[in-house]
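>>> Please find the sequence and the predicted model below.
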Amino acid sequence: MEISARNQLKGKIKSVKLGSIMAEVVIELTSGEEITAAITRGSAEGLGLAVGDDAVAIIKSTEIIIGKN
């Protein structure tokens, strides 16, 4: 896959939690760290995301959301 975004983090999907509207996807990066993304349920289902799949988290500087527990 060739795209213009520079911030690409490769890893494997560790978990996918489907909600009624949104999905929480955890990717274990090749460095061992984890990154969590909130995407629509429709996008998760459309991509066929499953635990163990190779994945790439693509981060654009204008598209970062920070949360706090």
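Here it is on my side, so go on.

>>> what residues are up against residue 38?
By CB atoms under 8 Å, 6 or more residues apart in numbering, the residues touching residue 38 are 22, 23, 24, 25, 65. Heads up, the C-betas are built off the backbone N, CA and C, glycines and all.

>>> buried stuff in the helix or strand harbouring it?
Using DSSP states H and E, residue 38 sits in strand 34-40. If you call a residue buried by 16 or more other CB atoms under 10 Å, then strand 34-40 has these buried ones: residue 37.

>>> Kindly report the same for stretch 51-67.
residue 55.

>>> next one: stretch 9-16
For stretch 9-16, by 16+ other CB under 10 Å, it's 11, 13, 14, 16.

>>> Quick check: ChimeraX command selecting the buried ones in the contacts of residue 38.
Remark: buried members of these, expressed as a ChimeraX selection using 16+ other CB under 10 Å:
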select :23,25
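
>>> got TSV for the contacts of residue 38, with distance to residue 33, pLDDT and secondary structure too?
Formatted as TSV, the contacts of residue 38 follow (distance: CB to CB, whole Å; pLDDT from 0 to 100; DSSP: H, G, I helix; E, B strand; the rest coil):
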residue	distance to residue 33	pLDDT	secondary structure
22	22	96	strand
23	20	96	strand
24	17	96	strand
25	15	96	strand
65	18	64	coil
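
>>> Is it possible to get TSV of the contacts of residue 38 that adds distance to residue 49?
Shown next, in TSV, are the contacts of residue 38 (distance: CB to CB, whole Å):
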residue	distance to residue 49
22	13
23	8
24	11
25	6
65	19
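
>>> what helices or strands is the longest strand along the chain leaning on?
Longest strand in the chain, counting residues (DSSP state E): strand 7-18. Secondary structure elements in contact with strand 7-18, counted by 3 or more CB pairs under 8 Å, 6 or more residues apart in numbering; DSSP states H and E, are strand 22-29, strand 34-40, helix 41-47, strand 54-59.

>>> Disregarding residues adjacent in the polypeptide, which is nearest to residue 61?
residue 7 (7.7 Å; CB to CB, 6 or more residues apart in numbering).
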